[in-house]
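Here is a sequence together with a model predicted from it:
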Amino acid sequence: MKREHEARIQRIYSATGVVESLPLLMTFPIGPHVPNIDVEQIHFAMLENSDYKLFPQGSHIHINRSDFDFQDNDPNFWPRAQKALTDHYDRRIQPELVERNGNAHLTIAGFAPIPMLMKLGALIGDKNRANVMDLPNDGWLWDKRDTCPEPSYTYDVPKILPREVSVVVSISGQVTPPVGREVIEFRAALPNRGIIRKESHLQHFRREFDGFLQRLTGAGARVVHVYPATPLSASIEIGRMLLPKTFEEIHVWEWQAPEWKQALQLK
């Protein structure tokens, strides 16, 4: 049985198109909730979601600040959390990417406040190959049902915009618009928490949101304030797509009832 198992694994690894991926996990407290990610569950989800074409490396990186001694409504949370994440990236993630000389592949699973997920995405960028996971309550497994509908999105960007704008992103819920600047909204036709349920859904979202960003820059927006209600995976992907070379400043806000509060800056 052992020899048969080894031969089976060897056939899988030698098959065309199989990719070895480095699991990258991140946990930060969300209010009073202390998240937890099981790396073995991530390994299984990587295999299942890819039909055994994506294999976990022997090592993984876990940025685990679930024991952070500040909650996200504390005024010191965001500067400290941002510094902790940037330090982890410089010390643990960047060396892995450099060592692989542009040939690295990451599988990212993050359970953290939306601005932290966006910051992680911004640090990694869109030049590094990556699969982003979602649906932690379903074991990080994509929905394989044929009846699972693909979300649709809508936005209306004027031909001319001021240099500084507010961007509302309503995907997992309906966002309360901020006041004080011109507001442009990117929204799902039917916002809900479990809206992105397949990898194809996430790729469709990337294409739609990328087109939205191109319209923003084409209209003259250069300083962007983002007000998000987004799933885990979309939050990370937005960070990867909001390129510093395109926008001069990118600010992310977080809803803390009854108002929006500025969280961090991606650039």
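Great, that's in hand. Remember, it's a predicted structure, so these values are computed and weren't measured experimentally.

From now on I want contacts and neighbour counts done on CA atoms only, so please keep to that.
Will do.

all strands for the stretch 101-250 of the chain, in order.
For the stretch 101-250 of the chain, the strands defined by DSSP state E, counting those that start in this stretch cover 105-111, 129-132, 153-155, 164-170, 183-188, 223-229, 249-256.

And the shortest one, what does it pack against?
I take that to be strand 153-155. Packing partners of strand 153-155 (3 or more C-alpha pairs under 8 Å, 6 or more residues apart in numbering; DSSP states H and E): strand 183-188.

Quick check: mean pLDDT of the strand it packs on?
What strand 183-188 shows for mean pLDDT is 97.

on contacts alone, who are the packing partners of the longest helix seen in the chain?
Counting residues, the longest helix in the chain under DSSP state H turns out to be helix 199-218. Helices and strands touching helix 199-218, by 3+ C-alpha pairs under 8 Å, 6+ apart, are helix 232-241.

Return the distance of Pro158 relative to Ala221.
Going from Pro158 to Ala221 by C-alpha to C-alpha, to the nearest Å gives 11 Å.

For the two, indicate the residue with more neighbours.
Using other C-alpha atoms under 10 Å as the criterion, Pro158 and Ala221 rank with Ala221 on top: 21 against 12.

Measure how buried the nearest residue to that one once chain neighbours are set aside is and give me the count.
In this structure, Ala221 finds its nearest non-sequential neighbour in Arg163, 4.5 Å apart by C-alpha to C-alpha, 6 or more residues apart in numbering. Residues near Arg163, counting by other C-alpha under 10 Å, number 15.

And the one 4 residues further on, by the same measure?
A total of 22 residues lie near Val167 under the criterion other C-alpha under 10 Å.

got a list of what the spatially most central residue of the chain touches?
By C-alpha atoms, centre = their mean, the mean C-alpha position of the chain lies nearest to Ile236, the distance being 1.4 Å. Taking C-alpha atoms under 8 Å, 6 or more residues apart in numbering as the criterion, Ile236 is in contact with Leu117, Met118, Lys119, Leu120, Gly121, Ala122, Val132.

Would you agree the first one is in contact with Pro231?
No - if you go by C-alpha atoms under 8 Å, Leu117 and Pro231 don't touch, sitting 9.9 Å apart.

Which one's more surrounded, the two?
Leu117 (26 against 21).

Identify the residues contacting that one.
Counting by C-alpha under 8 Å, 6+ apart, Leu117 makes contact with Gly110, Phe111, Leu232, Ser235, Ile236, Gly239.

if I look at it, how far off is Lys2?
Taking C-alpha to C-alpha as the measure, Leu117 falls 41 Å from Lys2.

Likewise for Arg129?
34 Å.

next one: Ala104
31 Å.

Give me the domain ranges for the chain.
2-138, 153-265 (automatic domain parsing).

What is the end-to-end distance of the longest one?
Domain 2-138 has its terminal residues 31 Å apart, counting by C-alpha to C-alpha.

Repeat that for stretch 54-70.
36 Å.

Just the residues contacting that stretch, thanks.
18-29, 34-36, 43, 46-47, 76-77, 85, 88, 92-93.

Check the burial of the nearest residue to Pro177 once chain neighbours are set aside by counting its neighbours.
Closest residue to Pro177 apart from its sequence neighbours, by C-alpha to C-alpha, 6+ apart: Val168 at 6.8 Å. Summarising burial for Val168: neighbours were counted as other C-alpha under 10 Å, giving 21.

Let me see the ranges of the helices in the stretch 51-200 of the chain.
Taking DSSP state H, counting those that start in this stretch as the test, the helices found in the stretch 51-200 of the chain are 77-88, 94-99, 114-124, 199-218.
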